[in-house]
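> Got a predicted structure plus its sequence, pasted below:
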Amino acid sequence: MAQVLMKDLNKKYDEVHAVKDVNLHIRDKEFIVLVGPSGCGKSTTLRMVAGLEEITSGEISIGDRIVNDLPPKDRDIAMVFQNYALYPHMTVYDNMAFGLKMRKFPKPEIQKRVQDAAEILGIQELLKRKPRQLSGGQRQRVAVGRAIVRHPQVFLFDEPLSNLDAKLRVQMRVELKRLHDRLETTAIYVTHDQVEAMTLGDRVVVMRDGWIQQVGEPLELYSKPANKFVAGFIGSPAMNFADVTIADANGVVWAETPGLKVRVPPACLERLRPYKGQHITLGIRPEDLHLAGGADPSEYTFDSTVEVVEPLGSEILLDIKTGPNMMVARVDPTVRVKVHESIRLALNPERLHFFDMKTEAAI
Amino acid sequence: MLALILPALVILVAFQIVPILIGANASFRSWSLFNPQKTFVGLANYRRILADPLFYGTVLPNTFLFMLASVSGGLLAGLGLATLINRRFRGQRLVRTAILLPLMVPPVVAAIMITWMFNDQFGIANVILEALGLEPVAWLVSRWTSLAIVIGTDIWLWTPWFTLLILAALQTLPVEPHEAARMDGAGPWQVFRNITLPLLRPVLMVCITIRTIDAFRVFDIVWTITKGGPARSTEVFSIYAYKQAFVYLNFDLGAAASMIGAGIIMVVGGVLYKVLSYVVEVSR
């Protein structure tokens, strides 16, 4: 049980600057998720915490110890790898007991801890098997078991669910969350899957090109993305973007682009004042679009053509075109629309996002 | 189909099966240049070989000692070298090439070089000993120093082969179990002992099997360095059989010795093969 502190953390390979000035305070018992596209530096950051990669500059401390120069074995952390990384020549029991044996635990204690972990994970019957005799989900359980028997200060997860099929992934996700609630150990979890990030994390760290983009609670990232990248990365289907011009007509401010003219809600007027007459990016989440009804004010509706209909059962995704802009709308499954049909859509004025064109920062 | 395998079959039969049968036939007869009758004598030749104190007292112990020492020496040296060069460092390619050089030296040439190095009057070994203020040694006049030199030569010749195979195996080993072990609290030696070595076991076992069978029939370097001497004390199996057949012209005894050798190596090979299959099975 410990907090983890990263201070001005940098990692440079010969040509690549993989991690740039990462500052992060992970609180004790917190479940934090690093998320981002591949190559964003999330795994490298995790491996630096693990001690598997050297730190180019900066500082990592676990608990109150600076661990920069400590080998992995002295950091009191445990890691679960994407491809399980089980010891193929050892039984499940030996796999889980290995770390304890290396640390010279007495035999009865090892036995007890392995039994306990096996019970928690429901793998008691598998203890005598070899990894190759296990299914993917079972292997992942063993990998988790190997981490929890050690009672480490911090758990590290490196895309642990990526090798599982979709159904198993959802199931293991829930189990990992339950496990964390039960063990109350600080956990750092790396994934490229934003759904995993949102569901598992107490807080989520979004990374891109080695930079931290935003740190926040899942819903905060969703409702108040710090920039266009976070806005587009979190949420599925992704947020719609359109380049609009801010124009003032008779005291009413509009965000305009061909095919789309939206009144800037009064709440945003102050923030958008410096951008009058300029181009900015408008962001609308697919779920903030719906088929326009009589009650929707005309300044928040627009016409569009349906290009693709994707019925998902619980909802329908409409790929629509308005002017030159392609957007996705997430509508009620009872809606009946056909391809090439012209429809009128309304948007939720309280849920509009605006981003600076140059810096991509949220306005 | 038959037409396609026929050429290979003809060659196999003409140059392998038939000679083996002729040899086997010879081992049951009194077969020498001055006895054109080739009388059938049953197992008499076998009895003579097995009762020969030289055969069971010197030749077989030498052969097995050579097998054991040469294979384990080469294996250990190869494992050590492969582990050392299995990392990034400056001049890595150069070192790898240098290590592989002995593979390109014909065994006979190497053996001649070694013979000169350990020559009691002109050899570099004695020059060094004298420079250190020690008495020069007549290396090739005693059984144990001669055997040691022969075994050392064989290890030198074969270490690159072990290195090459083990290095190739090392590079295909998965990284993650090693990293996991490091996180699990294992130091470098423990990682090597508990993870690397067990994962290498199948390859090591293949190396051991191939080289053991190969070492049993060693001829060239022993013949070049000692000719089985001094006083036949460093004779190994193939030299013994060769001398019987082609030096003393006892074709029958030579054939019988060869058959006995074939029997021994079949048993040794069979056991090794069983061990190999077991090792591959448990470390899969």
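Received, thanks. Note that the coordinates shown come from a computational prediction; the quantities given were computed from them, not determined experimentally. Numbers count the residues shown, from 1 in each chain, chains lettered A, B, ... in the order given.
> and A:Ala247, what pLDDT?
pLDDT, A:Ala247: 86.
> ditto for B:Ser238
For B:Ser238, the model assigns a pLDDT of 90.
> The spatially most central residue of chain B: what's it in contact with?
Closest residue to the average C-alpha location of chain B: B:Ala215 at 1.8 Å, with Cα atoms, centre = their mean. The contact partners of B:Ala215, by Cβ atoms under 8 Å, 6 or more residues apart in numbering or on different chains, come to B:Phe66, B:Met67, B:Ser70, B:Val71, B:Asp154. Glycine gets a C-beta too; all of them are placed from N, C-alpha and C.
> Which secondary structure element is home to it?
helix B:197-216 (DSSP states H and E).
> and A:Ser304, that one's in a strand?
Yes: judged by DSSP: H, G, I helix; E, B strand; the rest coil, A:Ser304 forms part of a strand.
> and it, how many neighbours?
Neighbourhood size, A:Ser304 [other Cβ atoms under 10 Å in any protein chain shown]: 23.
> Could you do B:Ala77 as well?
B:Ala77 has 17 neighbouring residues, counting by other Cβ under 10 Å.
> which residue sits closest to it, ignoring its sequence neighbours?
Closest residue to B:Ala77 in three dimensions, ignoring its sequence neighbours and counting by Cβ to Cβ, 6 or more residues apart in numbering or on different chains: B:Thr159, at 4.4 Å.
> That neighbour: how many residues sit nearby?
24.
> Per-residue confidence at it, what does it come out as?
Value listed for B:Thr159 in the pLDDT field: 92.
> model confidence over stretch A:352-363, on average?
Rounded mean pLDDT across stretch A:352-363 is 89.
> and it, how far from the chain's centre?
Per Cα atoms, centre = their mean, to the nearest Å, the displacement of stretch A:352-363 from the mean C-alpha position of its chain is 21 Å.
> Check which residues of that stretch are buried.
A:Leu352, A:His353, A:Phe354, A:Phe355, A:Asp356, A:Glu360, A:Ala362 (16 or more other Cβ atoms under 10 Å in any protein chain shown).
> got the contact list for B:Thr172?
Applying Cβ under 8 Å, 6+ apart, no residues qualify as near B:Thr172.
> mind exporting the lowest-mean-pLDDT helix or strand in chain A as PDB, just the C-alpha atoms?
Within chain A, confidence by mean pLDDT, DSSP states H and E is lowest for helix A:266-272 among all helices and strands, at a mean of 84. Provided in PDB are the C-alpha atoms of helix A:266-272 (Å, rounded to 0.1, in the frame of the first residue of the first chain):
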ATOM      1  CA  PRO A 266     -25.400  32.000 -23.700                       C
ATOM      2  CA  ALA A 267     -23.300  30.100 -21.200                       C
ATOM      3  CA  CYS A 268     -20.500  29.900 -23.700                       C
ATOM      4  CA  LEU A 269     -20.600  33.500 -24.900                       C
ATOM      5  CA  GLU A 270     -18.000  34.900 -22.500                       C
ATOM      6  CA  ARG A 271     -15.500  32.200 -23.300                       C
ATOM      7  CA  LEU A 272     -15.900  32.500 -27.100                       C
END
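> Could you check how far the next helix or strand after that helix is from the centre of its chain?
Under the assignment DSSP H and E, the closest C-terminal helix or strand after helix A:266-272 is strand A:279-284. Distance, stretch centre to chain centre, for strand A:279-284: 23 Å (Cα atoms, centre = their mean).
> Give me the mean pLDDT for the helix or strand following strand A:279-284.
In the C-terminal direction, the helix or strand that comes right after strand A:279-284 (DSSP H and E) is strand A:289-291. Strand A:289-291 shows a mean pLDDT of 89.
> Hmm, B:Ala148 and B:Thr234 touching each other?
No: between B:Thr234 and B:Ala148 there is no contact under Cβ atoms under 8 Å: 10.0 Å.
> and the residue nearest to B:Ala77, what does it touch?
Taking Cβ under 8 Å, 6+ apart, we find B:Thr159 in contact with B:Gly73, B:Gly74, B:Ala77, B:Gly78, B:Leu81, B:Ile99, B:Pro102.
> So which of these sit within strands?
Among those, none falls in strands (DSSP state E).
> Report the buried residues of stretch A:310-320.
Residues of stretch A:310-320 classed as buried by neighbour count (16+ other Cβ under 10 Å): A:Ile316, A:Leu317, A:Leu318, A:Asp319, A:Ile320.
> So which of these are in helices?
Using DSSP state H, no member of the buried residues of stretch A:310-320 sits in helices.
> hang on, the earlier thing: which ones, among the contacts of B:Ala215, also lie beside chain A?
Among the contacts of B:Ala215, no residue is within reach of chain A (Cβ under 8 Å from any Cβ of the partner chain).
> For the residues you listed, give me JSON lines that also has secondary structure.
Formatted as JSON lines, these follow (three-state DSSP):
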{"residue": "B:Phe66", "secondary structure": "helix"}
{"residue": "B:Met67", "secondary structure": "helix"}
{"residue": "B:Ser70", "secondary structure": "helix"}
{"residue": "B:Val71", "secondary structure": "helix"}
{"residue": "B:Asp154", "secondary structure": "helix"}
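> Within range of chain A, give me the residues from chain B.
Within chain B, the positions near chain A by Cβ under 8 Å from any Cβ are B:174, B:176-177, B:179-187, B:190, B:194-195, B:198-199, B:201, B:282-284.
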